[in-house]
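K.L.:
Fold the stuff below for me.
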Amino acid sequence: MRTLALTIAVLASCVGACHRGSERGASTEAVADASTADGVQTRAFQCNDLAVIATFHGPDGNVDLAYSGTILSLPRAVSASGARYADANGNEFWDAKGEAMFTLSGQTVRKCTVVQAAPSDPNARVEDVEWQPGAPGVTLTGTIKGYQSVDYRVHASAGQSLTVDFKTSNGLAYFNVLPPGSSDDAIFVGSTSGNSFTSSLAAGGVYTLRVYLMRSAARRDETANYTLDLKIS
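P.N.:
A predicted model of the protein is given here:
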């Protein structure tokens, strides 16, 4: 097992005003694959008490399961249905069209549900984050109003650690983190997981930080000033 810098906080379903399906419960339907060019797919699950980010390395490759500050890598195994991953120590993960189960060695089976975000706003402003050479991080500031949202695109490599701290003048403003290849499916939702995110990145590519207001605030045409502090190491 490889140890993460800090515990990964995973989204749990509710998204913001710019997402028309906000304030919904976690979906048990299969999430559309968030894929990179090399076939790596990332999905988020809630497995009873564990928030799990699963990174699938191709149809016949391993799965990396990030949970509680740890990454567990399991090889593909024989299965009568769905995709099964298991090792000789009794660790197992099984996934099949919206149903998933996670078993850690010596523990009972955990039933998992897919955590899904609603579609993005096609009118969201998109900005690429530029890093100054030698700088430990970057600070982004902005303002959103009503149904406005901003997508910040962060280029990162596999194995790097991404840390995001969010401060805002409006308690109903949040940010989500979307993995490479995804326009809708988040691995972190601030409205349920808080204003800080730290994760060791299993896949390289472009990560999206989406800033938005919850639907209730957007309907009132509220404004939010915000600051995003980003670090990659």
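K.L.:
Any buried residues in stretch 219-233, and which?
P.N.:
222, 224, 226, 228, 230, 232 (16 or more other C-beta atoms under 10 Å). Quick note: C-beta positions are derived from backbone N, CA and C, even for glycine.
K.L.:
Specify which member of those residues is nearest to residue 107.
P.N.:
Nearest to residue 107 among these: residue 232, at 33.6 Å, using C-beta to C-beta.
K.L.:
Dump the buried residues of stretch 219-233 into JSON lines; add pLDDT and distance to residue 143 as well.
P.N.:
Output for those, formatted as JSON lines (pLDDT from 0 to 100; distance: C-beta to C-beta, whole Å):
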{"residue": "222", "pLDDT": "95", "distance to residue 143": "11"}
{"residue": "224", "pLDDT": "96", "distance to residue 143": "7"}
{"residue": "226", "pLDDT": "97", "distance to residue 143": "7"}
{"residue": "228", "pLDDT": "96", "distance to residue 143": "12"}
{"residue": "230", "pLDDT": "95", "distance to residue 143": "18"}
{"residue": "232", "pLDDT": "88", "distance to residue 143": "25"}
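K.L.:
so can I have CSV of these showing distance to residue 82?
P.N.:
CSV is the format used below for these (distance: C-beta to C-beta, whole Å):
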residue, distance to residue 82
222, 44
224, 42
226, 41
228, 38
230, 37
232, 35
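K.L.:
just checking, which of those residues belong to strands?
P.N.:
224, 226, 228, 230, 232 (DSSP state E).
K.L.:
just checking, the last one touches residue 137?
P.N.:
Yes - at 7.4 Å, residue 232 counts as touching residue 137 under the criterion of C-beta atoms under 8 Å.
K.L.:
if we can go back for a sec, which of the buried residues of stretch 219-233 sit farthest apart?
P.N.:
222 and 232 (31.3 Å).
K.L.:
Now residue 221: closest residue in space, sequence neighbours ignored.
P.N.:
residue 146 (4.5 Å; C-beta to C-beta, 6 or more residues apart in numbering).
K.L.:
Can you give me the domain assignment for the chain?
P.N.:
2-114, 125-232 (automatic domain parsing).
K.L.:
what about residue 216, is that helix, strand or coil?
P.N.:
helix (DSSP: H, G, I helix; E, B strand; the rest coil).
K.L.:
overlap in contacts of residue 232 and residue 137?
P.N.:
Shared contacts of residue 232 and residue 137 (C-beta atoms under 8 Å, 6 or more residues apart in numbering): residue 163.
K.L.:
related to what we said a few turns ago, for the residue nearest to residue 221, give me its contacts.
P.N.:
Neighbours of residue 146 in contact, by C-beta under 8 Å, 6+ apart: 17, 213, 218, 221, 222.
K.L.:
roughly how far apart are the fourth one and residue 125?
P.N.:
Counting by C-beta to C-beta, to the nearest Å, the gap from residue 221 to residue 125 is 17 Å.
K.L.:
And residue 208, by the same measure?
P.N.:
Distance from residue 208 to residue 125, by C-beta to C-beta: 12 Å.
K.L.:
what's the answer for residue 147, then?
P.N.:
According to C-beta to C-beta, residue 147 stands 12 Å off from residue 125.
K.L.:
Same question for residue 200.
P.N.:
Counting by C-beta to C-beta, the separation of residue 200 from residue 125 is 29 Å.
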